[in-house]
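A.B. asks: sequence first, predicted model second:
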Amino acid sequence: AAVPVLLVSLGAEMGKIQGIRDWRGAGIATAIRLGLSVPVAFVAGRALGITGVTLSVCVLQFAMPTAVTPLALALEFGSDAEFVTGAIFVSTLASVVTLTLLLTFLH
């Protein structure tokens, strides 16, 4: 039941915001999440001796957009939920391109 509750929370937060107020911050968060995590996952996987399809799946998991869990933590602990919502939105949009490129590369 946690996933539907988190998705409803995300929808409620997205309904509250008028737009992304900090595009630069959301872009940096997205670049770190979608850009930096892929080489880190690849290097770590190779260092651990992971190869083939298993390595591809691990790298793909690291390349996924920002999850809803950070929003739940931001809401719970009184952090900037609007920024987190923007980062989730931007990383989800950007992942359409990055995941397509990564899947092409991993294939």
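C.D. replies: Great, that's in hand.
A.B. asks: just the C-alphas of the strand or helix carrying Ala44, formatted as CSV.
C.D. replies: With secondary structure defined by DSSP states H and E, Ala44 is part of helix 37-47. Listed in CSV are the C-alpha atoms of helix 37-47, where the atom choice follows Å, rounded to 0.1, in the frame of the first residue of the first chain:
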residue,chain,number,x,y,z
SER,A,37,25.1,7.4,-11.4
VAL,A,38,25.5,5.4,-14.6
PRO,A,39,29.3,5.5,-14.8
VAL,A,40,29.5,4.9,-11.0
ALA,A,41,27.2,1.8,-11.3
PHE,A,42,29.2,0.5,-14.3
VAL,A,43,32.6,0.9,-12.6
ALA,A,44,31.3,-0.6,-9.3
GLY,A,45,29.7,-3.5,-11.1
ARG,A,46,32.9,-4.2,-13.1
ALA,A,47,35.0,-3.9,-9.9
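A.B. asks: and whatever helix or strand comes next after that helix, what's buried?
C.D. replies: Once the chain leaves helix 37-47, the next helix or strand it forms, by DSSP H and E, is helix 52-62. Buried positions in helix 52-62, judged by neighbour count with 16 or more other C-beta atoms under 10 Å: 55-56, 58-59, 62. The C-beta positions use only the backbone N, C-alpha and C, and glycine is treated the same way.
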